[in-house]
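Engineer: turn this into a model:
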Amino acid sequence: MWNLEIPWWELMTRAAVIYAALLVLIRLSGRRTVGQFTPFDLLVVMLLSESVSNGLSGGDDSLIASIISATVLIALNTVAAIVSVHSRKVHSLLEGDPVLLGRDGQILHQALKAQRVPEADLRQALRAADCNQADMQYAFLEPDGTISVLRKHGAGEQQE
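Structural biologist: Residues are numbered from 1 along each chain as shown. Reported below is the predicted structural model:
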């Protein structure tokens with residue numbers, strides 16, 4: 001239970017490599033928040049955890065191996081968050097930047113396609129913002145996967 005089958009440093013290295021690999025793969029996969037997961041997205045997340053579990057432990061099923069791996073993963077996540085707060089470049093790399101999806105009432109279909117965002121999602125965001133397409137100044141895909149809509153100045157205001 002408490003005896004390590006592999007060296008502690010190997011567990012730490014395994015956790016760091018898997019953390020970095022998953023971070024890159026998830027950043028490449030696109031932008032969705034947990035609330036926006038499709039059933040397929042959720043399935044991938046569940047299978048990811050199962051697929052990397054043996055790589056994390058190196059076959060060591062001891063409690064201490066699990067504690068070391070979990071500690072390294074949490075420490076790496078904390079370090080990434082701290083560095084991200086202090087460096088705009090690192091923040092952009094880890095979190096991403098907003099992507100323009102629409103401007104001046106025009107939907108940028110190439111941007112939707114490049115970001116794998118259905119036009120229906122943008123139209124839903126317009127409705128949620130109580131904004132007609134013609135009144136849209138900008139629409140952005142935010143790094144967290146949400147779509148924000150900015151209305152044209154004075155759009156939607158009632159005339160007196």
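Engineer: domain parsing for this structure?
Structural biologist: Residue ranges for the domains of the chain, per automatic domain parsing: 8-95, 99-151.
Engineer: what's the distance between the closest residue to Val149 other than its chain neighbours and Ala16?
Structural biologist: Using CB to CB, 6 or more residues apart in numbering and skipping the chain neighbours, the partner closest in space to Val149 is Ala129 (4.0 Å). C-beta: built from backbone N, CA, C; applies to glycine. Distance from Ala129 to Ala16, counting by CB to CB, to the nearest Å: 41 Å.
Engineer: try Gln137
Structural biologist: 44 Å.
Engineer: what's the answer for Ala65, then?
Structural biologist: For Ala65 relative to Ala16 (CB to CB), the value is 15 Å.
Engineer: so those two - more neighbours on which side?
Structural biologist: Ala65 (23 against 15; other CB atoms under 10 Å).
Engineer: now the host helix or strand of that one: buried residues?
Structural biologist: Here Ala65 is covered by helix 63-86, with elements defined by DSSP states H and E. Neighbour-count burial for helix 63-86 flags 65, 68-69, 72-73, 76, 80, 84 (criterion: 16 or more other CB atoms under 10 Å).
Engineer: and Leu141, what does it touch?
Structural biologist: 31, 98-99, 101, 111, 115, 117, 147 (CB atoms under 8 Å, 6 or more residues apart in numbering).
Engineer: if we can go back for a sec, so can I have JSON lines of the buried residues of helix 63-86 showing distance to Leu43?
Structural biologist: Below are the buried residues of helix 63-86 laid out as JSON lines (distance: CB to CB, whole Å):
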{"residue": "Ala65", "distance to Leu43": "27"}
{"residue": "Ile68", "distance to Leu43": "29"}
{"residue": "Ser69", "distance to Leu43": "23"}
{"residue": "Val72", "distance to Leu43": "26"}
{"residue": "Leu73", "distance to Leu43": "22"}
{"residue": "Leu76", "distance to Leu43": "25"}
{"residue": "Ala80", "distance to Leu43": "26"}
{"residue": "Ser84", "distance to Leu43": "28"}
